[in-house]
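Visitor: Give me coordinates for this.
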Amino acid sequence: MVILTRSQKELMREFYSLSLQQVVLNKSQRNRIWHFYKANKEIPQEFNLQRICPALFNEILRALNNNSNIQSAVFSECSFAQTLANMLNLQVFTDYRNNHAYLQAEIVELLETYNMFPRYIYSNEEQSRVLIQAGGCNGVDSALISVVDYNVFTIEFKEAGAKSSEPDLPKYGEDGKLLITEEFKQNYPQFVNMLSEHIGYNVFENMGHNENNFSPENIKTAISNNYNAKKFADVICTEDINGYLVMIPANQISQWARLQGEIRTAWRNSYDVWTPNRLVRHIEENDGTIQNNVVSIPSSSLTTSQPRGGLGISRYKINNLFFIRAENVNIKSGKTIFNMDSVRQLNPTITAKMFFDGLDVNDVKNYYKGEL
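Guide: As a prediction, the model looks like this:
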């Protein structure tokens, strides 16, 4: 038996009563734009982004003006939001960051209760209905709001292969063994069961290796519970195998996606080194020396990495856990020299992934037909 909440029924009933539409920029097009931007630091002209997907045009322009990188997932989020706005006939586009007066203060305050901060607004001519594309790591991607009665539908945009969320794990000790804390249990209850399966997992012994062995039920719990607490979503919008926008209930993702869990021993967020003894050991293993807190290590012992979405060298890696940002390094006579205090340590993360393999919007529409 299919059970939908009142909000899910109302929003999905409207969505599936409309003519289905293909995403304004399909996956292949988004990839082409992203790679073009990455290589040329320009906005490609062939797609007429300012008209077809103004949010994406603005995001790229902002990245260019700030000399910053842009993640490929942003391309999907903007494309999905624009497609949904087109379907709902919300044709007035506003960059909220350049026009704060466009939204009523009450709407902004309402969004803040969902940990959402407006970026782009899609509205009808009367401004009685708005689709808000939002930012903020603790909130969902979008909200559809009736301005008259403040009725809110929350929407998450996900690529066909995506993560639910990816929090840092509690910092391990010099022994490298994963642990669980009360703070983690409180902040990320959806991942407690998954993490509990690997307490004692040794990060130092598994550098560069990602752990994917989890109970299917625990992965399902992590995903289904991810969108029913602080980060609440009524529905998920993604792209089907034919490029159509599709909407599914956020608490029924496992019905439509192949699920996978993962612990990454080193990913994304870095901190001041919290296992200094282990750092010294790794430096010495790479034929490095330490004198007066200054490290000298053969450059051939280090690897480099590029900035996300950019070119050049962003960091020098001692190994998969420890690195130094490029601006804190001097290269001299085949040696890489840096201060010990400049070293950063990457923290493990945990996530649950969803892969919408073979998803067809018509299958979803037919499945929920009796409830809508």
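
Visitor: right, and residue 359 touches residue 158 too?
Guide: No - Residue 359 lies out of contact with residue 158 (CB atoms under 8 Å); the separation is 10.9 Å. C-beta coordinates here come from the backbone N, C-alpha and C atoms, glycine included.

Visitor: Can you give me the pLDDT of residue 207?
Guide: You'll see residue 207 listed with a pLDDT of 89.

Visitor: which residues touch it?
Guide: Shown here is residue 207, whose contacts under the criterion CB atoms under 8 Å, 6 or more residues apart in numbering are 265-266, 319-321.

Visitor: any idea how far it is from residue 349?
Guide: 14 Å (CB to CB, to the nearest Å).

Visitor: ok, then the element right after the longest helix anywhere in the chain?
Guide: Looking across the chain with DSSP state H, the single longest helix is helix 72-87. Next in sequence after helix 72-87, counting helices and strands by DSSP states H and E, comes strand 92-95.

Visitor: Give me the helices and strands touching that next one, please.
Guide: Judged by 3 or more CB pairs under 8 Å, 6 or more residues apart in numbering; DSSP states H and E, strand 92-95 is in contact with helix 54-65, strand 117-123.

Visitor: Give me the mean pLDDT for the longest helix of the chain.
Guide: Mean predicted confidence for helix 72-87 is 94.

Visitor: least confident pick among the contacts of residue 207?
Guide: Lowest pLDDT among these: residue 266, 82.

Visitor: I figured residue 353 was touching residue 263, is that so?
Guide: No - using CB under 8 Å, residue 353 is not in contact with residue 263, being 11.8 Å away.

Visitor: who's more crowded, these two?
Guide: residue 263 (25 against 19; other CB atoms under 10 Å).

Visitor: What strands line up against whichever strand or helix holds that one, and which way round?
Guide: Using DSSP H and E, residue 263 maps to strand 258-264. Counting by DSSP bridges, the strands paired with strand 258-264 are strand 210-211 (antiparallel), strand 349-355 (antiparallel).

Visitor: any idea which of the ones you listed is most buried?
Guide: strand 349-355 (a mean of 22; mean count of other CB atoms under 10 Å).

Visitor: Now do it, average pLDDT.
Guide: 95.

Visitor: which outside residues touch it?
Guide: Applying CB under 8 Å, 6+ apart, the set of residues contacting strand 349-355 is 158, 160-169, 188, 190-191, 194-195, 219, 222-223, 226, 253, 257-264, 267-269.

Visitor: If we use 6 Å, what do you get?
Guide: Outside of strand 349-355, the residues within contact range by CB atoms under 6 Å, 6 or more residues apart in numbering are 161-164, 166, 168-169, 191, 195, 219, 222-223, 253, 257-264, 267.

Visitor: What of stretch 336-346?
Guide: By CB under 6 Å, 6+ apart, stretch 336-346 touches 266, 270-271, 273, 293-297, 299, 302, 316, 321-324, 328-330.

Visitor: at 7 Å instead, please
Guide: 266-267, 270-271, 273-275, 279, 290, 293-297, 299, 302, 316, 321-324, 328-330 (CB atoms under 7 Å, 6 or more residues apart in numbering).

Visitor: Could you do stretch 287-307 as well?
Guide: Here stretch 287-307 has contacts from 69, 280, 283, 286, 312-318, 331, 334-341, using CB under 7 Å, 6+ apart.

Visitor: Could you work out the end-to-end span of that stretch for me?
Guide: End-to-end distance for stretch 287-307, by CA to CA, to the nearest Å: 27 Å.

Visitor: So which bits of that stretch are buried?
Guide: 288, 295-297, 301-302 (16 or more other CB atoms under 10 Å).

Visitor: And stretch 320-336, by the same measure?
Guide: 320-324, 329, 335-336.
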